[in-house]
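The following block contains a protein sequence and its predicted model.
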Amino acid sequence: MAWRNVWRNRRRSLVTLFAMTLALGAPTSAWALGSFETAQANAEVIGALRLLGGFVHYRKELAPLVEDDTLTTTELRLVATGRAPAALQVELNVYTDTSGAAGLGVPGSLGSGEAAGAFGSAGTLRSPYRSTYLDWDYWRSGAVRGQLGIDRLNVTRALGPLDVTVGRLVLNHSVTQMFTPNDFFAPFSAAAINTIYKPGVDGARLRLALGPMSELTLSGVVGSDAEDRLRWAQSAVLARLATVARDFEWALLAGKVAQRWIVGASLQGELLALGVRAEGHVGLPDADGQGTLDDVDGDGRSRDDAYTRLAVEIDKTFAWRKASLGAEYAYFSDGARAPARYVARALRLFPDDQGYLGRHYAGANIEAEVVPILRLALVAFVNLGDRSGVAVTSLSYSIADEADLVGGLLVPWGEGLDTAAMQLHSEMGVAPIAGFVETRVFF
């Protein structure tokens, strides 16, 4: 059976590499798949192809539990935008995704959720704010899954100073880049290598201009439980008030998200030639939306206790090599104080939570041009409590205006797993090393 698994993994890698070769040999000039225009309507359709291949290696102490494996993703998108009669703006994003790996990007994988989401795709996304009725599995065999779905489908109507959008749409109230405590709706992992298309969620947004520099946004998102039944407890209703003053955007955020109520704020702008961003919120857990949750975890802490999450980012851009440098810090008051409490912490995560298990995190990102068509990027973040972390380094080569070839390496560090006691000694020490090559083509 072992040789069959090896052959199956090698065959999967060969198929992916062959597809990449075809993509690289295809015409690379940019063009739309189709477009039309009339007096009352217009539309344009483009395509996007993502081909990912890689290898995942786990540390020897995990060998009895998880075997090394290949990592593959083939994702094809059709994106249509346009104007319909009655002054409606329409957006449609349809995808087909075939992904496979024993580790990263697959629900239930070992390691921090942030490391596990590094190679996430539309087919591996899980969110209480996305109904599975718009996604259809056409293949499932072992760790390999094929899915066809609708990532975005919404219409927008402008009514004077008010814009109304309904459907599966993108919502994001975050201003920081790596740790994003105010992004509740299908956020990217801090280690994500592809963040071109943010997933949509099911709901509506009303955006009211209060003046040239101020606006009020009301968002409502329909939530579902694990069995895809509509639930008020999993749903979200948020209000965001933003204005610009003294070269900074200031915003207040309040409302309900999955199983909790929140009040938050954010700011972003430039100070002393440095980009400054900060955001955070205070949350009060409420499992059923009725204020009745009073469970106590192993630390003797009530899940009804309010928590605080915040992130601060400082960045700087340079003319030299078009370089940028950024640093972030994040604090999660409801995180575990020690690795022994990581399992209990994981059981307290909310349905829409990111995978952070600790309390204090720091991260940095660096980007620069090696030559005009070759760009180097490095992203790293550390759990300051147990000193474990993840670094992702990548090189992006511009094949043409609408085609890129990206290669890189994900390297975690930290203490591993005590397999005898099944005890985690660090958050990200159990994540695997992964090498990858990705082709991105737009047509």
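Received, thanks. Numbering: from 1, shown residues only.

Could I get the average pLDDT for stretch 220-227?
Computed over stretch 220-227, the mean pLDDT rounds to 94.

Ends of that stretch, what's the gap?
21 Å (C-alpha to C-alpha, to the nearest Å).

chain center to it, what's the gap?
How far stretch 220-227 lies from its chain's middle: 18 Å, per C-alpha atoms, centre = their mean, to the nearest Å.

Name the residues that touch it?
The list of residues contacting stretch 220-227 from outside it, by C-beta atoms under 8 Å, 6 or more residues apart in numbering, reads 128-129, 131-132, 171, 185, 201-205, 230-238, 258, 351. All C-beta spots, glycine's among them, are computed from the backbone N, C-alpha and C.

Give me the subset of the residues you listed that lies in strands.
Val201, Asp202, Gly203, Ala204, Arg205, Ala236, Val237, Leu238 (DSSP state E).

Highest neighbour count among those residues?
With neighbours taken as other C-beta atoms under 10 Å, the top of the ones in strands among the contacts of stretch 220-227 is Val201, carrying 26 neighbours.

quick one: the helices in the stretch 251-400 of the chain?
All helices of the stretch 251-400 of the chain, identified by DSSP state H, counting those that start in this stretch, fall at 342-347.

in it, which spans are strands?
Counting by DSSP state E, counting those that start in this stretch, the stretch 251-400 of the chain has strands at residues 260-271, 274-285, 307-317, 324-332, 360-371, 374-383, 389-400.

do the stretch 101-250 of the chain as well
135-141, 144-159, 162-169, 201-211, 214-221, 236-245, 248-257.

Identify the residues contacting Glu369.
Arg321, Lys322, Ala323, Arg375, Leu376.

ok, the third one - how many residues close by?
The reference is to Ala323. 15.

do the first one as well
Counted with other C-beta under 10 Å, residues neighbouring Arg321 total 14.

same check, this time on the second one
Residue neighbour count, defined by other C-beta under 10 Å, stands at 12 for Lys322.

Against Trp250, how distant is it?
29 Å (C-beta to C-beta, to the nearest Å).

How about Asn172?
For Asn172, the distance to Trp250 - C-beta to C-beta - is 17 Å.

got it, and Tyr361?
Relative to Trp250, Tyr361 is positioned 25 Å away (C-beta to C-beta).

what do you get for Leu33?
42 Å.

Just want to know which of these two has more residues nearby.
Neighbour totals were compared for Leu33 and Trp250, and Trp250 leads with 16 against 12 (other C-beta under 10 Å).

doesn't Arg240 make contact with that one?
No - counting by C-beta atoms under 8 Å, Trp250 sits too far from Arg240 to count as a contact (11.2 Å).

Could I get the ones in strands among the contacts of stretch 220-227 in JSON lines, plus columns for pLDDT?
Below are the ones in strands among the contacts of stretch 220-227 laid out as JSON lines (pLDDT from 0 to 100):
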{"residue": "Val201", "pLDDT": "97"}
{"residue": "Asp202", "pLDDT": "97"}
{"residue": "Gly203", "pLDDT": "97"}
{"residue": "Ala204", "pLDDT": "98"}
{"residue": "Arg205", "pLDDT": "98"}
{"residue": "Ala236", "pLDDT": "97"}
{"residue": "Val237", "pLDDT": "98"}
{"residue": "Leu238", "pLDDT": "98"}
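
so where's the stretch 151-300 of the chain uncertain?
Regions of the stretch 151-300 of the chain meeting the criterion pLDDT under 70 cover residues 291-300.

try 90 this time
226-228, 287-300 (pLDDT under 90).

Could you identify the most distant pair in the ones in strands among the contacts of stretch 220-227?
The most widely separated members of these are Asp202 and Leu238, with 14.4 Å between them, by C-beta to C-beta.

Check the spacing between the residue lying closest to Ala391 once chain neighbours are set aside and Leu230 real quick.
Closest residue to Ala391 apart from its sequence neighbours, by C-beta to C-beta, 6 or more residues apart in numbering: Ala380 at 3.9 Å. For Ala380, the distance to Leu230 equals 40 Å [C-beta to C-beta].

and these two? which has more neighbours close in?
Neighbour totals were compared for Ala380 and Leu230, and Ala380 leads with 19 against 12 (other C-beta under 10 Å).

In contact with that one, which residues are there?
Applying C-beta under 8 Å, 6+ apart, the residues contacting Ala380 are Gly363, Ala364, Asn365, Gly389, Val390, Ala391, Val392.

Show me what the spatially closest residue to Lys322 that is not a sequence neighbour is bridged to.
Among residues not flanking Lys322 along the chain, Glu369 sits closest, at 5.1 Å (C-beta to C-beta, 6+ apart). Glu369 forms beta bridges with Arg375, as assigned by DSSP bridges.

still on that earlier bit, dump the contacts of Glu369 into CSV; add distance to Arg246 and pLDDT as well.
Compiled in CSV, those are given as follows (distance: C-beta to C-beta, whole Å; pLDDT from 0 to 100):
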residue, distance to Arg246, pLDDT
Arg321, 31, 94
Lys322, 28, 95
Ala323, 28, 97
Arg375, 34, 97
Leu376, 35, 98
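
right, and out of the residues you listed, which lies closest to Ser398?
Arg375 (7.8 Å).
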